[in-house]
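**Q** any chance you can model this:
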Amino acid sequence: MQGKTYNRPDDDGQAKGDYYTKVHHMANRSCEVLVIGGGPAGSTVAALLAERGREVVILEKERHPRFHIGESLLPLNLPLFERLGVADEVARIGMPKFGAEFVSPWHKQPVTFDFGHALDKSFPNAYQVRRSEFDEILFHNAVRKGARALEACRVTAVEFTAEGANVTARHEDGTEQRWSTRFVVDASGRDTFLASRMGIKRRNKKHNSAAIYGHFSGAKRLPGRAEGNITVFWFDHGWFWFIPLSDGATSIGAVCWPYYLKTRETGTEQFLLDTIALCPALAERLRDATLISPPTATGNYSYVAERTMGRNYVMLGDAYTFIDPVFSTGVLLAMQSAFAGADTIETCLDHPASARYALKRFDAMMRRGPGIFSWPIYRVTTPAIRDLFMAPSNRFRVQEALVSVLAGDIYGRTPWRARMLLFRTLYYLKSLFLLRQSGAAWFRRRRAIQSV
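**A** You can find the predicted model right below:
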């Protein structure tokens, strides 16, 4: 069976013919912009370009709806939904999320960061979403805006030329098709299509993590308005996420150092349950819960590509880099990169003389978000960060600035930078104090042993 294509709508917004139409021939085709991948980044950039009259094609290797992890969104996603025209659709499938709870076995009480307490109070909530539903909303929106989209169509090769690129794709029946395009967008997510084939994908040496996750029913949620809040549980080998979904399921995952996953001697399901047992606070929330999906384990997944763009291509979202999901930044970074990418592509196509400058600006924007989020991510399991999170202080409005960053408010004019610099200073002072404290404790233990 050949892949299905979504047709470009007529002027009245209705698709020509059947919504899903079989591809009847494999003749070479052409387009202005070819997008690899129909996730949040690919669907967003396709929608933006198509509504501006661009001839856009999305090639998606799977069929929507399809499973994807990463269900937690940030408040600053919401303005992007408004600009895309999908805010109401996302609200219908979403579980309202008003903040993030942090639970530490080394501290007595949980702490909640409420998004309404950020420096900018305009974005007090986000959503938890089933990614299968959420991604499909964005994908269909791109089609409504005029993009053509083929599912079950995997890109196998890209050959760049002076005019753009020739792209080869294979349908699920094995038939190959060739596209000529002026510009390629790599929105392939963790497949990192271009970076892998160019040999420029690098393991992130500053952060090395792995994950195991599954979905549960019957998990104990927070009461009232906080029911949809994400909870982060620290434990000896890393941290857990607890993400409540609107259909009653709860996404549970452990992000650990790879050494821990290498100790696994049981099946994936038993290993996940055994890992949960190492975190008593989470185990209590799951005491009456049932695992309802096959759990998944991933190896080291922190990486970065050496570059984000070239003369006739850009890499969006996870196709460029992925660090760690602790602050739920994935979808926001993907969509922000798509908005920047759409403007950059238009400049490259219409004003070649300005393309170099536009690509340079795009590269700076792509590196900015991961650069800001990576500092706390790299240190999220350190005692100093735990202490600062679990005993927050709003002196000089530092806590409000931290909440602003956690909400994803890093691209506008909110004045969080100086306050986060102060937060970093507090972190280094705390780390020095803890180092001296641990050194003194080691010295006391050593003397006690020698005196026996």
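**Q** CA only for contacts and neighbour counts going forward, please
**A** Fine.
**Q** show me what the host helix or strand of C31 is packed against.
**A** Element membership of C31 [criterion: DSSP states H and E] is strand 29-36. Applying 3 or more C-alpha pairs under 8 Å, 6 or more residues apart in numbering; DSSP states H and E, one finds that strand 29-36 contacts helix 40-51, strand 56-59, strand 176-186.
**Q** please repeat the previous calculation with a cut-off of 6 Å.
**A** When contacts are defined as 3 or more C-alpha pairs under 6 Å, 6 or more residues apart in numbering; DSSP states H and E, strand 29-36 sits against strand 56-59, strand 176-186.
**Q** point out the most buried one among those strands.
**A** strand 56-59 (a mean of 28; mean count of other C-alpha atoms under 10 Å).
**Q** quick one: find the helix or strand in the protein with the lowest mean pLDDT.
**A** Within the chain, judged by mean pLDDT, DSSP states H and E, the helix or strand with the poorest mean is strand 20-22; its value is a mean of 38.
**Q** make CSV out of the helices and strands packed on strand 29-36 and add mean pLDDT.
**A** Conversion of the helices and strands packed on strand 29-36 to CSV gives the following (pLDDT from 0 to 100):
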stretch, mean pLDDT
strand 56-59, 98
strand 176-186, 97
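**Q** now tabulate these in TSV and tack on distance to A391.
**A** Formatted as TSV, the helices and strands packed on strand 29-36 follow (distance: least, C-alpha to C-alpha, whole Å):
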stretch	distance to A391
strand 56-59	47
strand 176-186	42
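**Q** figure out which of those strands is closest to R419.
**A** Comparing the helices and strands packed on strand 29-36 by their distance to R419 (C-alpha to C-alpha), the top pick is strand 176-186, with 35.4 Å.
**Q** determine the set of other helices and strands touching the closest one.
**A** Applying 3+ C-alpha pairs under 6 Å, 6+ apart, we find strand 176-186 packed against strand 29-36, strand 165-171, strand 313-315.
**Q** what ranges in this protein fall below the confidence cut-off?
**A** Per-residue confidence of the chain (counting by pLDDT under 70) places the weak regions at 1-27, 300, 437-452.
**Q** which residue lies nearest the spatial centre of it?
**A** Among the residues of the chain, G330 comes closest to the average C-alpha position under C-alpha atoms, centre = their mean, at 1.4 Å.
**Q** distance of that residue from E400?
**A** Applying C-alpha to C-alpha, to the nearest Å, the value for G330 to E400 is 22 Å.
**Q** and for S337?
**A** From S337 over to E400 (counting by C-alpha to C-alpha), the distance is 25 Å.
**Q** give me every residue that touches the residue nearest to the centre of the chain.
**A** Not one residue lies near G330 by C-alpha atoms under 6 Å, 6 or more residues apart in numbering.
**Q** buried sites along stretch 67-76?
**A** Of the residues in stretch 67-76, those buried by neighbour count under the rule 16 or more other C-alpha atoms under 10 Å are 70-76.
**Q** actually, stretch 29-43.
**A** In terms of neighbour count (16+ other C-alpha under 10 Å), stretch 29-43 has its buried residues at 30, 32-43.
**Q** for R436, see how far away T181 is.
**A** Applying C-alpha to C-alpha, the value for T181 to R436 is 60 Å.
**Q** is the spatially closest residue to A249 that is not a sequence neighbour bridged to anything, and to what?
**A** Sequence neighbours aside, S217 is the residue nearest to A249 in space, at 4.8 Å (criterion: C-alpha to C-alpha, 6 or more residues apart in numbering). Using DSSP bridges, the beta-bridge partners of S217 come out as A249, T290.
**Q** which residue ranges form the strands in the stretch 251-400 of the chain?
**A** Remark: strands assigned in the stretch 251-400 of the chain by DSSP state E, counting those that start in this stretch are 290-291, 296-298, 303-305, 309-310, 313-315, 321-322.
**Q** sheet-wise, list the partners of the last one with their directions.
**A** To tie it back to what came earlier, the one meant is strand 321-322. Counting by DSSP bridges, the strands paired with strand 321-322 are strand 303-305 (antiparallel).
**Q** ok, the fifth one next?
**A** According to DSSP bridges, strand 313-315 forms sheet pairs with strand 176-186 (parallel), strand 309-310 (antiparallel).
**Q** now these in CSV, with distance to H351?
**A** Formatted as CSV, the entries for the strands paired with strand 313-315 read as follows, by distance: least, C-alpha to C-alpha, whole Å:
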stretch, distance to H351
strand 176-186, 13
strand 309-310, 16
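**Q** what about the strands in the stretch 101-250 of the chain?
**A** Here the stretch 101-250 of the chain has its strands, by DSSP E, counting those that start in this stretch, at 111-114, 126-128, 148-150, 153-160, 165-171, 176-186, 201-203, 210-217, 230-235, 238-244, 249-256.
**Q** and L406, how many neighbours does it have?
**A** For L406, the number of neighbouring residues by other C-alpha atoms under 10 Å comes to 24.
**Q** let me redo that: A118
**A** The local packing of A118 (other C-alpha under 10 Å) involves 25 other residues.
**Q** ok, it touching L402?
**A** No. Between A118 and L402 no contact is recorded; they are 7.6 Å apart, counting by C-alpha atoms under 6 Å.
**Q** who's in contact with the closest residue to H215 other than its chain neighbours?
**A** Across the structure, with C-alpha to C-alpha, 6+ apart as the measure, the residue nearest H215 apart from its sequence neighbours is S251 (4.6 Å). If you count contacts by C-alpha under 6 Å, 6+ apart, S251 has them with 215, 242-243.
**Q** separation between S251 and S72?
**A** Applying C-alpha to C-alpha to S251 and S72 gives a distance of 10 Å.
**Q** anything in contact with each of these two?
**A** Counting by C-alpha under 6 Å, 6+ apart, S251 and S72 have no contacts in common.
**Q** what residues does stretch 174-185 touch?
**A** Taking C-alpha under 6 Å, 6+ apart as the criterion, the residues outside stretch 174-185 that touch it are 26, 28-35, 164-170, 312-314.
**Q** so how far is that stretch from its chain's centroid?
**A** Computed by C-alpha atoms, centre = their mean, to the nearest Å, the chain-centroid distance of stretch 174-185 equals 26 Å.
**Q** how about stretch 56-76?
**A** Stretch 56-76 has its average C-alpha position 10 Å from the chain's average C-alpha position, going by C-alpha atoms, centre = their mean.
**Q** look up how far T321 lies from A41.
**A** As judged by C-alpha to C-alpha, A41 and T321 stand 13 Å apart.
**Q** same check, this time on A281
**A** For A281, the distance to T321 equals 32 Å [C-alpha to C-alpha].
**Q** between these two, which has more neighbouring residues?
**A** Per other C-alpha under 10 Å, whichever of A281 and T321 has more neighbours is T321, with 30 against 16.
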